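1. Requesting a structural model of the entry that follows:
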Amino acid sequence: MLASMWRLLPLLFILCASQALFAQGQNSAAFAGKRLALVIGNAKYPTAPLKNPVNDARGIAKALKELGFEVTLRENAGQRDLAAAVRQFGSSISPGSAAVFYFAGHGMQVKGRNYLVPVDADIQLEDEVPYSTIDVSLVLDKLEVGKSAVNIVILDACRNNPFARRFRSSATGLAQMDAPIGTLIAFATAPGSVALDGAGENGVYTKHLLESIAMPGLPVEQMFKRVRVGVAKETSEAQVPWESSSMKGDFTFREAPPQQAVSQDKLIEEAIRAAAERAAALTAERMHREQSARQPQQDRSRSEIDTLAAEREKLLRERERLAAENEALRRKSAQAPETVALAAPVPTARPSPAQAQAANPGGLAVGDNWTYRYSDVYGKTETYTVRVTSISSGEIIDEIRLGKSRQSTTFERVLGLTDRNMGNLVIREISPYLLSHGSLQEQPEWKSISVFEGSPPFKARLAGSETISVPAGTFEAQKVVIEGRQVSRRNTAFSRNYAVTVWYAPAVRRAVKMLFEALPVTGFSNEKDVIELTEYRLQ
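-> Prediction:
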């Protein structure tokens, strides 16, 4: 078998060389699909105008046209125009194409989601952002539906939030996003940071993007790396661009010029000749080793043979000594009195949820703690822990921990929504200890529950018992459903039906799952936030 492998070596070298040349040809092949781009520059904001976004958008649109893209340019677009442009852009994408989305202007993050701000946005409160802006996830959804082969989203939208004073959260810049498969998302600066508008004709980020985008033969990932180095150097690292990529193939905005055909033939000839020479050298080396191995034993010197014989004799004596010691130990063990092995202690089993409920039907204790996992429809996931710190007649005080953030909250026996602002995440809970105040029964006040400020009251109903499975286990729970209509004070067309479902499990003395759902409106995706219990510890 070894001899057969040696005979195959020349063929293997030639095959490897051919594959390398084929790969080189593949990498240098131009992208053959359709190229589409939507470019938007918003600058004329009534309360916080910007200097460069329109110039930036025009420069990018011109560069992309020269690179073979069909470009749609929108300047100072309002919410309706912006939504229509995204919708039309999505419908024009075909499978196998390359799609580029570029936005320069104001952007903001709310609860971990990124929004692009139209020039006519009139946002009074933080909860109005989804109805007055464009969710970046909507753009990603359009790219996914179009099944384009290459998706590039460029967001030069990390400037100061013009509505920050009206918001409860203090998050700046844009939030980090994970790029879907086949997509690259480029940010003008790192998540949570602010980009500079620039003192020249273009913003700092787009200035360096225009310098690099048309460089021949530069892969898109290397192109954005070159932009990052340039921006960081110019701003003394006060602004460092960021990318999130899950692209599967290679893409360059401008392909490198093709090499001369004669050089390809020359490379093939040289690879074949080098492979043949290497195979011949390896064959000669193998034959030399085989000949050396067949040298007669008498060529060895007498001293080498004597040394080997002495070593063999030494090993035999050591083997006999160890065998005698083992036999003596065996006889000694056979004469020793028998010993009795002690039984291992039986671990105390943790009571089942049903047993815990029977032993302590809903009573809380200071120190009880629960860990929950929060996730939304966009894939954002966070884990937080809640611990009871005080219990008195009619109220429960707990402390919530998320990373380095801590916050104490008092809960009474009233069904309603509680928002807790934990950095970039607002954790919503519907009376998590409602069951621990007593038996769960519908009350007259359930017909008028305040959930969203400015919206009509919601109504709650007891939906019976249900077996619910969460990461912490399977529990018998009582289900409560709260339903109503969330109304936008700025534009009633953005109002939508909203429902919250809560599962209360007596075995764990708290809610084990909460589901927040809102039906979509035109131009916006469905909202779905889930909170599930992952583990708990009761005193």
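2. Buried residues, whichever strand in the chain runs longest. List them.
-> Using DSSP state E to assign secondary structure, the strand with the most residues in the chain is strand 473-486. Buried residues in strand 473-486, counting neighbours by 16 or more other CB atoms under 10 Å, are found at 473, 475, 477, 478, 479, 480, 482, 483, 484, 486. Backbone N, C-alpha and C define where each C-beta goes, glycine included.
3. Which one among these sits at the bottom for pLDDT?
-> Ranked by pLDDT, the buried residues of strand 473-486 bottom out at residue 486 (82).
4. List the single closest residue to that one in space, sequence neighbours excluded.
-> Closest residue in space to residue 486, ignoring its immediate chain neighbours: residue 498 at 4.4 Å, by CB to CB, 6 or more residues apart in numbering.
5. what's across from the one you found in the sheet?
-> Beta-bridge partners for residue 498, by DSSP bridges, are residue 484, residue 518.
6. pLDDT score for the residue nearest the centre of the chain?
-> Among the residues of the chain, residue 178 comes closest to the average C-alpha position under CA atoms, centre = their mean, at 4.2 Å. Per-residue confidence at residue 178 stands at 76 (pLDDT).
7. Would you list the phi and psi of it?
-> Residue 178 has phi and psi values of phi -90, psi 130 when expressed as degrees, to the nearest 10.
8. surely it meets residue 379?
-> Yes. Counting by CB atoms under 8 Å, residue 379 is a contact partner of residue 178 at 6.3 Å.
9. and whichever strand or helix holds residue 290, average pLDDT?
-> Taking DSSP states H and E as the definition, one finds residue 290 inside helix 261-293. Confidence for helix 261-293, expressed as mean pLDDT, is 67.
10. now swap in stretch 401-419 and tell me
-> Stretch 401-419 carries an average pLDDT of 79.
11. Just give me the closest of the buried residues of strand 473-486 to residue 435.
-> Compare each of the buried residues of strand 473-486 with residue 435 using CB to CB and the shortest gap goes to residue 478, at 6.8 Å.
12. dump the residue contacts of the residue nearest to the centre of the chain.
-> Remark: with contacts taken as CB atoms under 8 Å, 6 or more residues apart in numbering, residue 178 is in contact with 244, 246, 379.
13. Pull out the buried residues from these.
-> Among these, those classed as buried by 16+ other CB under 10 Å are residue 244.
14. Using JSON lines, lay out the contacts of residue 178 together with distance to residue 460, pLDDT and secondary structure.
-> Formatted as JSON lines, the contacts of residue 178 follow (distance: CB to CB, whole Å; pLDDT from 0 to 100; DSSP: H, G, I helix; E, B strand; the rest coil):
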{"residue": "244", "distance to residue 460": "40", "pLDDT": "88", "secondary structure": "strand"}
{"residue": "246", "distance to residue 460": "42", "pLDDT": "85", "secondary structure": "coil"}
{"residue": "379", "distance to residue 460": "30", "pLDDT": "75", "secondary structure": "coil"}
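15. Neighbours of residue 248, how many?
-> Neighbours of residue 248 under the rule other CB atoms under 10 Å: 10.
16. Could you say which helix or strand holds it?
-> Element membership for residue 248 (DSSP H and E) is empty, with no helix or strand holding it.
17. Next, work out how far apart it and residue 151 are.
-> 11 Å (CB to CB, to the nearest Å).
18. again with residue 117
-> Residue 117 sits 22 Å away from residue 151 when distances are taken as CB to CB.
19. same deal with residue 454?
-> Noted for residue 454: a distance of 37 Å to residue 151, by CB to CB.
20. So for these two, which sits in the more crowded spot?
-> Between residue 454 and residue 151, counted using other CB under 10 Å, residue 151 has the larger neighbour count: 28 against 13.
21. does that one have beta-bridge partners, and which?
-> Each beta-bridge partner of residue 151 is listed here: residue 99, residue 183, as defined by DSSP bridges.
22. residues contacting it?
-> Taking CB under 8 Å, 6+ apart as the contact definition, residue 151 lies against 98, 99, 140, 143, 180, 182, 183, 184.
23. mind putting the residues you listed in a markdown table, distance to residue 75 included?
-> Written out in a markdown table, the entries for these read as follows (distance: CB to CB, whole Å):
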| residue | distance to residue 75 |
| --- | --- |
| 98 | 23 |
| 99 | 20 |
| 140 | 23 |
| 143 | 22 |
| 180 | 28 |
| 182 | 29 |
| 183 | 25 |
| 184 | 25 |
